[in-house]
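# model the structure of this input:
(one chain, ligands or ions: 1)
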Amino acid sequence: MAHEETTNPLRGIEARRGAGHYGIFDHGAHIWSWTPDGQQPVLWMSKKSAFAEGSPIRGGIPIVFPWFAMGPSGDLSPQHGFARLDTWHRSDLKDTLDADGRLLVEYELDYAMDHQHFPHNYTAYALAKFTPEYVQIGMQVTNNGDEPFTFESAFHTYLNVGDVRQITIDGLDGCSYLDRAAGAPAADGVQAGQVTFTGETDRIYKHKDSLVLNDPVLGRSLEVSKIGSGNTVVWNPWADKAAAMADFGDDEWTSMVCIETANVLDDAIRLLPGQTHTLRQRITLL
Ligand SMILES: O=P(O)(O)OC[C@H]1O[C@@H](O)[C@H](O)[C@@H](O)[C@@H]1O
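Below is the predicted model:
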């Protein structure tokens, strides 16, 4: 078994391992599939997603950079930054699939794709690591200029679940959060016990550690662990907002939840000249 280059629906790399599957697009350095052999897909992908240069992908692990949503002041576009809309440069690949089932793909965000709202001298690398046990994504941002700059970032991970109304999340008990679903201005809250889902959910938690998603319908639990992250965002649009999105099937909201490894708002990263920040997320089936 070896990896293959694919172009349909977008250019990237795919590999199959038994009934398992790995997939990443150069567009957005976007991991879109991780299915260990014998498992249901771990990452969720909408059947309505666009797969086109310049469009966001509704599923997998979009990389949000250099701002989250419309930015800290709410006046930046495109939503969630430009990194998920650009084609990244594939800079390295290590295939040891036959030996240990591992595939590493490294990308660099082309600095020439600078943006009027982020005119800084930087490099951004993304490193995707697929293994039979876990899938990992990392991003390293370095300030190569003479002035400090600040950025937001997130791995906007869409997870496949049996029924969002039956899942629970452990690990956020006692964490404060900003509730973006409550309307403007966002309300503050503190998590009491497990996270459960009974309606639209859009929360930015203060949270640096790992968490566990329990899925009684698919009969599995998975851990999301991370480094370099001060926030976890939990999102499900529920029925009405899903129906309002062109790239989201009307009934698909029951089968997904986003758990995002993030640094946003007060936890945005400030880099001095020469400094590097690493954000990393690993998803492991327990
Ligand atoms: O539709 P987009 O741009 O991919 O964003 C999806 C969601 O992303 C989440 O991270 C935000 O908290 C939500 O508010 C937003 O709706």
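# from now on I want contacts and neighbour counts done on CA atoms only, so please keep to that.
OK.
# who's whichever residue of the stretch 151-286 of the chain sits closest to the ligand bridged to?
The stretch 151-286 of the chain approaches the ligand most closely through residue 202 (5.2 Å), counting by C-alpha to the nearest ligand atom. Beta bridges link residue 202 to residue 235, judged by DSSP bridges.
# how about residue 72, nearest residue that isn't a chain neighbour?
residue 265 (5.4 Å; C-alpha to C-alpha, 6 or more residues apart in numbering).
# what do you get for residue 136?
Residue 136's closest residue in space is residue 282 (C-alpha to C-alpha, 6+ apart), at 4.3 Å.
# how many neighbours does the one you found have?
19 (other C-alpha atoms under 10 Å).
# just how off-centre is the strand or helix carrying residue 33 within its chain?
Applying DSSP states H and E as the criterion places residue 33 in strand 30-35. Strand 30-35 sits 10 Å away from the centroid of its parent chain (C-alpha atoms, centre = their mean, to the nearest Å).
# the residue nearest to residue 136 contacts residue 134, doesn't it?
Yes: Residue 282 is within contact range of residue 134, at 6.6 Å (criterion: C-alpha atoms under 8 Å).
# circling back: got the contact list for the residue nearest to residue 72?
Neighbour list for residue 265: 71, 72, 152 [criterion: C-alpha atoms under 8 Å, 6 or more residues apart in numbering].
# next one: phi and psi at it?
Torsion angles at residue 265 (phi, psi; degrees, to the nearest 10) stand at phi 50, psi -120.
# read off the pLDDT value for it.
pLDDT recorded at residue 265 is 96.
# could you report the distance from it to residue 258?
19 Å (C-alpha to C-alpha, to the nearest Å).
# what's the burial count for the residue in the stretch 51-200 of the chain that the ligand sits nearest to?
Closest to the ligand within the stretch 51-200 of the chain is residue 79: 5.4 Å, counting by C-alpha to the nearest ligand atom. Counted with other C-alpha under 10 Å, the neighbours of residue 79 add up to 17.
# from here on, count from 24
I'll keep to 24 as the first residue from here, and by that count the last item is residue 102.
# so it, which of the three states?
Following DSSP: H, G, I helix; E, B strand; the rest coil, the label given to residue 102 is coil.
# I figured residue 28 hits residue 47, correct?
No: the pair residue 28 / residue 47 is not scored as a contact, 10.0 Å apart, by C-alpha under 8 Å.
# circling back: next one, pLDDT for the residue nearest to residue 159 please.
98.
# which residues touch it?
Residue 305 touches 157, 158, 159, 160, 246, 247, 248, 249, counting by C-alpha under 8 Å, 6+ apart.
# looking at the residues you listed, which are in strands?
Counting by DSSP state E, the part of these found in strands is 157, 158, 159, 160, 246, 247, 248, 249.
# turn these into a markdown table, columns for distance to residue 211, neighbour count and pLDDT.
Shown next, in a markdown table, are the ones in strands among the contacts of residue 305 (distance: C-alpha to C-alpha, whole Å; neighbours: other C-alpha atoms under 10 Å; pLDDT from 0 to 100):
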| residue | distance to residue 211 | neighbour count | pLDDT |
| --- | --- | --- | --- |
| 157 | 33 | 19 | 98 |
| 158 | 32 | 24 | 98 |
| 159 | 31 | 19 | 98 |
| 160 | 30 | 24 | 98 |
| 246 | 26 | 19 | 98 |
| 247 | 24 | 22 | 98 |
| 248 | 24 | 18 | 98 |
| 249 | 24 | 22 | 98 |
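# what's the closest non-adjacent residue to residue 147?
In space, residue 147 is closest to residue 164, 4.4 Å off (C-alpha to C-alpha, 6+ apart).
# and for that neighbour, the neighbour number?
That count, for residue 164 with other C-alpha under 10 Å as the rule, works out to 22.
# surely it touches residue 299?
Yes: using C-alpha under 8 Å, residue 164 is in contact with residue 299, at 5.5 Å.
# show me what from the stretch 174-309 of the chain comes close to the ligand.
Selection of the stretch 174-309 of the chain residues close to the ligand by C-alpha under 6 Å from any ligand atom yields 225, 258.
# strands of the stretch 174-309 of the chain, start to end?
176-183, 191-193, 199-202, 210-213, 224-229, 234-238, 243-250, 254-259, 279-286, 292-294, 299-308 (DSSP state E, counting those that start in this stretch).
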